[in-house]
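**Student:** Sequence first, predicted model second:
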Amino acid sequence: MHSLTLLLVLVVVCTLLFDYINGFHDTANAIATVVSTRVLSPRNAIIMAACLNFVGALFSTHVAVTVASGLVDTARFRSADIHQPAVFAAKLKNQADPVSRFLAEQSSPETQKLFAGYAADSTPTPELQAALVEDLNRIITRTDFYSAERFAGITLEEKTVERAMKIAKLKPAERANTNRALLEKAYAAELGSNQHGFQVVILAAIVGAIVWNLLTWYFGIPSSSSHALIGGLCGAAIVHGGLHAVLWDGIVRKVLIPLVGSPTMGFLLGFLIMTIIYKTLSHVHPGKVSATFRHLQLVSAAAMAFTHGLNDAQKSMGIITMALVSARILSEPVVPTWVVLSCSTVMALGTSVGGWRIIKTMGHKIIRLEPVHGFAAETTAAIVLFVTSHFGMPVSTTHTISGSIFGVGASKRLSAVRWGVAQTMVMAWVLTLPAAGIVAALAYKLFMLLGLGR
């Protein structure tokens, strides 16, 4: 039974702090248009956004599961994880037990060649140690590692056995974590758990995201809290375990493509919806149109606030779940109820504070908004966010609503959009992933120097 550690508690507390900052940093996403068009007072708009952020965050955990298991490899071995390399190598050389025999049989030709010149009980060469690590990382991806006969005499937790029995049906990340847990039990003295080291990765990622969020909030730049977190996670993971520690397929499919796709879809759909509204209501008196959309904008702003909670609060849920999995407290990336409730509550509290600097940028500096524009932009963003949340994509609500506002403005005329502001925002978007990653990498190095990873 694994217990809570001070490091894990620190990770949870800092993640909730990030969630709080995310709330006030991204308040503008839901209410900038409804405030700038004076449909709601700032106070009432923030209360509405906070309440619906909370409700939206309770609605699904698809995005949280993606963050917890689809972006970085929490099970990968490093050389530092072999605590007794001489003893471990000797066991594989002598093959005195069924698990060691299996590992020796499945070793690579390079490992076998290096073993030919290895004297038992001596310290393995760095080349042999590196080859053993690669073998271990290949073993944890297999579906045939566990058998009752092979692990007879080794005490395993009941949940580990249950998952090992159905390992072929598990997702790759869950399979790797299960096989790693089996290896750690088989070689309890020789192989160390990576839980402390990987929790330092998570802590450093959070620090990188918080620093970038606060910088962009201070200067009123609507950057993405989501991608600051993911950039931080990638930066810290690479320093921890190399490029292989990042699941690049998941990053490309779940992050980079939506990174470009969500604001693009927001722009195109916003342009289309606004064009349809123009053509449909061109004969109606402007005063009547404005009055009608002042009421409709309440609905669109509510939908935007709901979907903001639906997508954004789940990133923090995913990070805490990842930490619990790496600490072996959870055997699979299923978000506990207490994590859902705490992240939902903290984000709602952060939203209630309000990010006035960014509200000004979103509501006034891009285009001059009327209720009809606010309705079109918010409806567009809510549609995009609901679809991406359904497919577990951790997209940026900031990018999405900004793209929607650009599209709505461009439907009137291109000159209606202040493209200088757009250029500054896009630059911040491009810089977010690498900037947060660099800060997180430096934070990881600092934490390891302080001994947090041991």
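**Tutor:** The structure has been received and is ready for your questions.

**Student:** Show me the shaky parts of the stretch 301-450 of the chain.
**Tutor:** 354-369, 413-425, 428 (pLDDT under 70).

**Student:** one more time with 90
**Tutor:** When the per-residue scores of the stretch 301-450 of the chain are filtered using pLDDT under 90, the ranges that remain are 301-302, 304-305, 307-315, 322-334, 347-378, 389-433, 435, 448-450.

**Student:** What is the three-state secondary structure of the most centrally placed residue in the chain?
**Tutor:** Centre of the chain computed as the mean C-alpha position; nearest residue by Cα atoms, centre = their mean is Val67, 3.8 Å away. The assignment at Val67 comes out as helix when based on DSSP: H, G, I helix; E, B strand; the rest coil.

**Student:** OK, contacts around it?
**Tutor:** Applying Cβ atoms under 8 Å, 6 or more residues apart in numbering to Val67 gives the contacts Ile230, Gln314, Lys315, Met317, Gly318, Ile319, Thr321, Met322, Pro394. Where C-beta positions appear, they are placed from N, C-alpha and C, glycine not excepted.

**Student:** Closest one of those residues to Phe88?
**Tutor:** Within the set of these, Met322 lies nearest Phe88; the separation is 27.4 Å, counting by Cβ to Cβ.

**Student:** so what's the backbone phi/psi at the closest one?
**Tutor:** Summarising the backbone geometry of Met322 under the convention degrees, to the nearest 10, its torsions are phi -60, psi -40.

**Student:** surely it meets Ala205?
**Tutor:** No - applying Cβ atoms under 8 Å, one finds Met322 not in contact with Ala205, separated by 9.6 Å.

**Student:** between the two, which one's more packed in?
**Tutor:** Using other Cβ atoms under 10 Å, the more surrounded residue of Met322 and Ala205 is Ala205, with 34 against 28.

**Student:** Nearest residue to Leu8 in space, please, no chain neighbours.
**Tutor:** Setting aside the residues directly before and after it, Leu8 is nearest to Ala327 in space (Cβ to Cβ, 6 or more residues apart in numbering), at 5.3 Å.

**Student:** so what's the backbone phi/psi at that neighbour?
**Tutor:** Backbone dihedrals for Ala327, given as degrees, to the nearest 10, come out at phi -80, psi 0.

**Student:** show me what contacts it?
**Tutor:** Taking Cβ under 8 Å, 6+ apart as the definition of contact, the neighbours of Ala327 are His2, Thr5, Leu8, Gln195, Gln199.

**Student:** Would you quantify the distance from it to Gly197?
**Tutor:** From Ala327 across to Gly197, the span is 11 Å (Cβ to Cβ, to the nearest Å).

**Student:** Out of the contacts of Ala327, list just those in strands.
**Tutor:** Within the contacts of Ala327, no residue falls in strands by DSSP state E.

**Student:** among those, who's most crowded?
**Tutor:** Taking other Cβ under 10 Å to define a neighbour, the member of these with the most is Gln199, carrying 25 neighbours.

**Student:** how near is that one to Asn44?
**Tutor:** 41 Å.

**Student:** Also Ser290?
**Tutor:** From Ser290 over to Asn44 the distance is 19 Å, taken as Cβ to Cβ.

**Student:** Touching stretch 285-294 from outside, list them.
**Tutor:** For stretch 285-294, the external contacting residues (Cβ under 8 Å, 6+ apart) are Thr37, Val39, Leu281, Glu370, Pro371, Val372, Gly374, Phe375.

**Student:** Can I have the buried ones of the residues you listed as a ChimeraX selection?
**Tutor:** When burial is assessed using 16 or more other Cβ atoms under 10 Å, the buried subset of the contacts of stretch 285-294 is captured in ChimeraX by this command:
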select :37,39,370,371,372,374,375
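
**Student:** Quick one: the helices in the stretch 301-450 of the chain, in order.
**Tutor:** Ranges of helices in the stretch 301-450 of the chain, per DSSP state H, counting those that start in this stretch, are 337-353, 356-360, 371-390, 397-412, 419-449.

**Student:** is it possible to export those to JSON lines including distance to Val161?
**Tutor:** Conversion of those to JSON lines gives the following (distance: least, Cβ to Cβ, whole Å):
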{"stretch": "helix 337-353", "distance to Val161": "25"}
{"stretch": "helix 356-360", "distance to Val161": "50"}
{"stretch": "helix 371-390", "distance to Val161": "34"}
{"stretch": "helix 397-412", "distance to Val161": "42"}
{"stretch": "helix 419-449", "distance to Val161": "34"}
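
**Student:** Tell me which of those sits most buried.
**Tutor:** Relative to the other members of those, helix 397-412 carries the highest mean neighbour count by mean count of other Cβ atoms under 10 Å, namely a mean of 28.

**Student:** Show me what that helix is packed up against.
**Tutor:** Applying 3 or more Cβ pairs under 8 Å, 6 or more residues apart in numbering; DSSP states H and E, one finds that helix 397-412 makes contact with helix 27-36, helix 225-241, helix 257-281, helix 286-326, helix 371-390, helix 419-449.

**Student:** one step back: now flag whichever of the contacts of Val67 is closest to Asn94.
**Tutor:** Taking the contacts of Val67 together and measuring to Asn94 by Cβ to Cβ, the closest member is Met322, at 37.2 Å.

**Student:** ok, and the closest non-adjacent residue to the closest one?
**Tutor:** Counting by Cβ to Cβ, 6+ apart, Ala68 is the residue found nearest to Met322 once chain neighbours are left out, at 4.5 Å.

**Student:** If we ignore the residues flanking it in sequence, what's nearest the residue nearest to the centre of the chain?
**Tutor:** Computed as Cβ to Cβ, 6+ apart, the closest residue to Val67 that is not its neighbour in sequence is Gly318, at 2.7 Å.

**Student:** got a list of what that neighbour touches?
**Tutor:** Contacts of Gly318 were listed using Cβ under 8 Å, 6+ apart, and they are Val63, Ala64, Val65, Thr66, Val67, Ala68, Pro333, Val335, Pro394.

**Student:** From those residues, list just the buried residues.
**Tutor:** For these, a neighbour count by 16+ other Cβ under 10 Å gives the buried set as Val63, Ala64, Val65, Thr66, Val67, Ala68, Pro333, Val335, Pro394.

**Student:** Distance to Ala176 for the residues you listed - can I get that in JSON lines?
**Tutor:** JSON lines is the format used below for the buried ones among the contacts of Gly318 (distance: Cβ to Cβ, whole Å):
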{"residue": "Val63", "distance to Ala176": "21"}
{"residue": "Ala64", "distance to Ala176": "19"}
{"residue": "Val65", "distance to Ala176": "16"}
{"residue": "Thr66", "distance to Ala176": "16"}
{"residue": "Val67", "distance to Ala176": "17"}
{"residue": "Ala68", "distance to Ala176": "13"}
{"residue": "Pro333", "distance to Ala176": "12"}
{"residue": "Val335", "distance to Ala176": "19"}
{"residue": "Pro394", "distance to Ala176": "21"}
